[in-house]
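Novice: got a predicted structure here, sequence first:
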Amino acid sequence: MLNAVTDLLAEEPLVLLFTVLALGAVIGAGSIRGISIGPAGALFAGLGASALDDRLVIPSVVGMVGLALFTYCVGLAAGPDLQRSVRSSLPLLGAVVILMGVYSLLCAAWFVSLDAVD
């Protein structure tokens with residue numbers, strides 16, 4: 001019975017993905033003495049699934065999409081604070097940008113050995 005389930009999960013990575021997510025949701029929803037692991041339940045379910053058989057592998061595109069979604073969510077969470085911070089220090093930021101431009105220009109002129117125009 002376990003071999004048939006393992007074979008099915010190894011042949012169908014999408015079924016494996018949703019099985020791991022469902023088991024992770026069940027594991028994360030439970031609590032012991034008021035402590036629950038929450039979304040980390042999916043991590044433990046994935047570790048358990050990979051311990052069953054070496055063939056149980058989720059496609060790498062899932063990891064890339066997950067990373068993109070994580071980055072998007074962090075950007076959404078940090079966006080308002082970043083915007084407030086940039087607005088309050090806008091004059092300083094402008095001065096730094098101008099000074100870095102002048103410094104880059106001087107370095108480029110020195111690198112190509114340009115003489116000062118009289």
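Specialist: Yep, it's here.

Novice: which residues in this structure form helices?
Specialist: 2-11, 13-29, 40-52, 60-88, 90-111 (DSSP state H).

Novice: mean pLDDT and mean neighbour count added to the ones you listed, as a markdown table?
Specialist: Where C-beta positions appear, they are placed from N, C-alpha and C, glycine not excepted. Formatted as a markdown table, these follow (pLDDT from 0 to 100; neighbours: other Cβ atoms under 10 Å):
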| stretch | mean pLDDT | mean neighbour count |
| --- | --- | --- |
| helix 2-11 | 83 | 12 |
| helix 13-29 | 88 | 16 |
| helix 40-52 | 87 | 15 |
| helix 60-88 | 85 | 10 |
| helix 90-111 | 90 | 10 |
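
Novice: pull the contacting residues for residue 58.
Specialist: Listed by Cβ atoms under 8 Å, 6 or more residues apart in numbering, the contact partners of residue 58 are 13, 16, 17, 20, 46.

Novice: out of those, the closest to residue 85 would be?
Specialist: Closest approach to residue 85 among those (Cβ to Cβ): residue 46, at 36.5 Å.
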